[in-house]
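K.L.:
for reference, the sequence and a predicted model appear below.
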Protein chains: 4
Amino acid sequence: MMVRKPKQQRAKVTVDTIIQAGFIAVSQSGIHGATTRQIAEISGIGVGSLYEYFENKEAIYQAMNQHFVNDIVDMLRKLTPNLVRLNLHDVVELLLNSFSDLLRRDGGIYLKYVRYSRYSPLIETALMEFAMRYAMHNPKFLRLENMATINYICITGGIFSVIRHLSTPTPNVTFDQLLEGLSRMTTSYFDAEFARLDHVEKPNL
Amino acid sequence: MMVRKPKQQRAKVTVDTIIQAGFIAVSQSGIHGATTRQIAEISGIGVGSLYEYFENKEAIYQAMNQHFVNDIVDMLRKLTPNLVRLNLHDVVELLLNSFSDLLRRDGGIYLKYVRYSRYSPLIETALMEFAMRYAMHNPKFLRLENMATINYICITGGIFSVIRHLSTPTPNVTFDQLLEGLSRMTTSYFDAEFARLDHVEKPNL
Amino acid sequence: MMVRKPKQQRAKVTVDTIIQAGFIAVSQSGIHGATTRQIAEISGIGVGSLYEYFENKEAIYQAMNQHFVNDIVDMLRKLTPNLVRLNLHDVVELLLNSFSDLLRRDGGIYLKYVRYSRYSPLIETALMEFAMRYAMHNPKFLRLENMATINYICITGGIFSVIRHLSTPTPNVTFDQLLEGLSRMTTSYFDAEFARLDHVEKPNL
Amino acid sequence: MMVRKPKQQRAKVTVDTIIQAGFIAVSQSGIHGATTRQIAEISGIGVGSLYEYFENKEAIYQAMNQHFVNDIVDMLRKLTPNLVRLNLHDVVELLLNSFSDLLRRDGGIYLKYVRYSRYSPLIETALMEFAMRYAMHNPKFLRLENMATINYICITGGIFSVIRHLSTPTPNVTFDQLLEGLSRMTTSYFDAEFARLDHVEKPNL
DNA sequence: TATGAATGAGAGTTCATTCAT
DNA sequence: TATGAATGAACTCTCATTCAT
């Protein structure tokens, strides 16, 4: 809901500056502690100028969410060519490590933000898309009929475990332990589903 | 916290009414959209009366959280005697079904609320306590050294998957599928860890 | 002002208790920091009961002022027989010492109160009345035609100097110095007026 | 104190307007009857704007007091060169006349205000400084050892008598009578102290 | 285009007063 | 008679939004 399309380069830069400032403000003061004044100050522009680029505060938050989702989707896109060649264990590890890096970059502004953000369906879509690509490179996965459920569980479980872990000041499990655990969980889950498949398909062998 | 101790039955009821109104208000307007006036209105009392029972708005939110956590912990306590006698698959199923029921009761006010609440360490503690009791009834679990990590993953994964599912208007996986999936995930994960344990302990057999 | 005439002894006692509590509350919280709740609490009675004896908060303050003024006037009445026999220097000293004692009794609740109270015309009247009595015992004062002005200055100056001094945490003049000063000021002022009188009456002597 | 430094002329004017409105509000409703809305209304600005210039209501009151004290001190500074050349009688007269003018200007808003203001130590300091300058121009005063006490009495007595007189609707002494009285009181007091000094210094002459 | 002073609705909170018990 | 829970008007203060410059 941009008031004015930022055709010029300068305008585009300003918009990005505001969005970045938004993340910083939210990470400093929480999503409802952050004020437009604060965002303007961090941006280095006047409060009034905020409204040249965004209709209102909510629009800034929407743009922030967009930005966040785009970053995740981009990351996923760039990773995909490598990921499809890896086994499940390494996929989970690389994926969650990358996700963790994303959340912690720039002083962890995304991490603070993510607690307030709604889990976007766009991320869902992107992950599903990736899962399809992976299955196409590793056709045995296509045999699983309950892929949707398995994905749902592994993706949700993986993402929230990582977010919660990074948000906990003194977790009693290390991040490496968590990652190894999630990798094992995923592989064993899939293995079990494959085994069940075999058992069903070839019951009398 | 409480300005006045609700000694009388009447006062106790009023306090509960306010807390309930708090959940309704939050579910209607979000945690920072909810106002003291709104809570008072829903409670059917005057604004001033709110402050007869609570020091400030924050104290209401704290009492709400307390209430929520107590409900979960109570549920867990009551379930424990039955749960310890069940196999892992059924434990997960019963636990998450009960959790789901809790979140959806009273028109799902807990479900709306839970998005804004912080995952309480008291819930964590209660779940860990349960895990210990279960392991004592099923001693083979005591052999697993990485119980902490496994618990972390299964608990976080289970809870957040259920919350997210209940919060999604039109999920593309049914709740029963989710539950069956989480049960399988948990059992297969534990089985894999046991297998790994056997492999390590008896490498040359 | 009183809602109900306190005919019974018990009621009279309660009224006094409330007034005392009022002074304590004001000395603790200032005149607009003091609340009806606070006064009720200090009185040891319920808030509602306050309104059995006083129409509203303002009425309590009025009664307090009345009480304060009465105490001063009573003090003055009791002192008068002795005072009229003393010379001016000792009159000032005894008067202000007694006034100071009154302000400081009961932990100085009157002293805190007096900062907020309005200088009552009743005190004025009482002091004027005393001045008249003194003049009748010491007829030479009757010759002064500008007695009103002199009284005004000496009384105002004396009272406010003492109040201000008692209210100053670390005054750079001792109370005894102040009293001696005020006594001298008064005597010298009167002496000068008498001298002026003589000079006018007997210009050529 | 000030949230924003009034660099621009416009802002400076607004700050002054608010302070003036504060005096008017206090003179209308008393210091705790005056509200931020009232001050804003009198200023002709919005409530929010108040907080652009002052951190809170208390800050406005502090600025008001500052303003008042500054006006008195300025008056005293400007008067000093003339005052030091006058005799005591005329000093008192000019000083108190000027003080009276200050209190009564702008419809007497200072006069109403002064009842609620605390007697500032800055005024004290300024008066003491003046007393020193006067003594240096009139060295005989330096011989008095109890100058502190005498000043205390004459200053307090003078100031409070004038304030009280101006605040009394129908005083039974005219202002001119009061001023003449205070002048005589001061001169006779000082004369008496000088006489005492001579008597002590030259006892056997 | 960019600004930030000005705005005022609305937030949380207080407290003199009432009235059912 | 005595109570204190309940009340709501009114307080101080905030902040998203506007608009004259």
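P.N.:
Thanks, I have it.
K.L.:
all contacts plus neighbour counts: C-alpha atoms, from now on.
P.N.:
OK.
K.L.:
helices of chain A, residue ranges please.
P.N.:
For chain A, helices defined by DSSP state H occupy the ranges A:9-29, A:36-43, A:47-53, A:57-83, A:88-114, A:121-137, A:147-167, A:175-201.
K.L.:
per-residue pLDDT, residue A:172?
P.N.:
Looking at residue A:172, its pLDDT reads 89.
K.L.:
how close does the closest residue to it other than its chain neighbours get to residue B:124?
P.N.:
Nearest non-adjacent residue to residue A:172, counting by C-alpha to C-alpha, 6 or more residues apart in numbering or on different chains: residue B:148, 7.8 Å away. From residue B:148 across to residue B:124, the span is 12 Å (C-alpha to C-alpha, to the nearest Å).
K.L.:
go on, residue A:157?
P.N.:
Taken as C-alpha to C-alpha, the span from residue A:157 to residue B:124 is 16 Å.
K.L.:
pLDDT score assigned to residue A:33?
P.N.:
93.
K.L.:
again with residue A:166
P.N.:
pLDDT at residue A:166 comes out at 93.
K.L.:
quick one: contacts for it?
P.N.:
A:100, A:111 (C-alpha atoms under 8 Å, 6 or more residues apart in numbering or on different chains).
K.L.:
the closest residue in space to residue A:192 that isn't next to it in sequence: neighbouring residues, count only.
P.N.:
Leaving out its chain neighbours, the residue that sits closest to residue A:192 by C-alpha to C-alpha, 6+ apart is residue B:188, at 6.0 Å. Residue B:188 has 24 neighbours, counted by other C-alpha atoms under 10 Å in any protein chain shown.
K.L.:
residue B:188 touches residue A:187, doesn't it?
P.N.:
No - in this structure, residue B:188 is not within contact of residue A:187 by C-alpha atoms under 8 Å, at 9.3 Å.
K.L.:
show the pLDDT at residue A:183.
P.N.:
So residue A:183 comes in at 97 (pLDDT).
K.L.:
next one: it from residue D:177, what distance?
P.N.:
Applying C-alpha to C-alpha to residue A:183 and residue D:177 gives a distance of 99 Å.
K.L.:
between these two, which one's more packed in?
P.N.:
The neighbour comparison of residue A:183 against residue D:177 (other C-alpha under 10 Å) goes to residue A:183, with 22 against 14.
K.L.:
can you tell me the closest non-neighbouring residue to that one?
P.N.:
residue A:89 (4.8 Å).
K.L.:
and residue A:83, by the same measure?
P.N.:
Nearest residue to residue A:83, sequence neighbours excluded (C-alpha to C-alpha, 6+ apart): residue A:91, at 5.7 Å.
K.L.:
show me the contacts for the nearest residue to residue A:46 once chain neighbours are set aside.
P.N.:
Leaving aside its sequence neighbours, residue A:46 sits nearest to residue A:40 (C-alpha to C-alpha, 6+ apart; 5.7 Å). By C-alpha under 8 Å, 6+ apart, the residues touching residue A:40 are A:18, A:21, A:46-47, A:50.
K.L.:
please see if stretch A:35-43 touches DNA strand E.
P.N.:
No - with C-alpha under 7 Å from any atom of the strand as the criterion, DNA strand E is not reached by stretch A:35-43; the gap is at least 8.3 Å.
K.L.:
can you pull the buried residues of that stretch?
P.N.:
A:35-36, A:38-40, A:42-43 (16 or more other C-alpha atoms under 10 Å in any protein chain shown).
K.L.:
any idea how far the residue nearest the centre of chain A is from residue B:75?
P.N.:
In chain A, the residue lying closest to the centroid (C-alpha atoms, centre = their mean) is residue A:72, at 4.7 Å. For residue A:72, the distance to residue B:75 (C-alpha to C-alpha) stands at 38 Å.
K.L.:
quick revisit: count of neighbours near the residue nearest to residue A:172?
P.N.:
Quick note: residue B:148 (other C-alpha under 10 Å) scores 15 neighbours.
K.L.:
isn't it up against residue A:173?
P.N.:
Yes - the pair formed by residue B:148 and residue A:173 meets the contact definition of C-alpha under 8 Å, at 6.9 Å.
K.L.:
how close does the closest residue to chain C within chain A get to residue A:146?
P.N.:
Distances between chain A and chain C by C-alpha to the nearest C-alpha are smallest at residue A:33, namely 31.1 Å. Residue A:33 is 43 Å from residue A:146, where distance means C-alpha to C-alpha.
K.L.:
ok, now residue A:24?
P.N.:
41 Å.
K.L.:
between those two, tell me which one has more neighbours.
P.N.:
residue A:24 (24 against 13).
K.L.:
quick check: closest non-adjacent residue to the more buried one.
P.N.:
In this structure, residue A:24 finds its nearest non-sequential neighbour in residue A:109, 5.9 Å apart by C-alpha to C-alpha, 6+ apart.
K.L.:
need the pLDDT of that neighbour.
P.N.:
93.
K.L.:
same question, residue A:137
P.N.:
95.
K.L.:
so it touches residue A:84, yeah?
P.N.:
Yes - using C-alpha under 8 Å as the test, residue A:137 is close enough to residue A:84 to be in contact (6.3 Å).
K.L.:
now whatever residue of chain A ends up closest to chain B: how far from residue B:182?
P.N.:
Taking C-alpha to the nearest C-alpha, chain B has its nearest neighbour within chain A at residue A:157, 4.0 Å off. Distance check for residue A:157 against residue B:182: by C-alpha to C-alpha, it reads 10 Å.
K.L.:
interface residues of chain A facing DNA strand E?
P.N.:
Residues of chain A lying near DNA strand E (C-alpha under 7 Å from any atom of the strand): A:11, A:45-52.
K.L.:
contacting residues for the residue in chain A that chain D sits nearest to?
P.N.:
Relative to chain D, the nearest point of chain A is residue A:37 (12.7 Å; C-alpha to the nearest C-alpha). Taking C-alpha under 8 Å, 6+ apart, we find residue A:37 in contact with residue A:47.
K.L.:
got a pLDDT number for it?
P.N.:
On the pLDDT scale, residue A:37 gets 96.
K.L.:
swap in the one 3 residues further on?
P.N.:
With respect to pLDDT, residue A:40 has a value of 97.
K.L.:
mind giving me the domain ranges of chain A?
P.N.:
A:1-55, A:67-201 (automatic domain parsing).
K.L.:
just for chain A, where's the confidence low?
P.N.:
A:1-8, A:200-205 (pLDDT under 70).
K.L.:
go again with 90.
P.N.:
For chain A, applying pLDDT under 90 flags the ranges A:1-12, A:115-125, A:128, A:169, A:172, A:197-205.
K.L.:
count the residues that sit near whichever residue of it sits closest to DNA strand E.
P.N.:
Closest residue of chain A to DNA strand E, C-alpha to the nearest atom of the strand: residue A:48 (2.8 Å). Per other C-alpha under 10 Å, the neighbour tally for residue A:48 reads 11.
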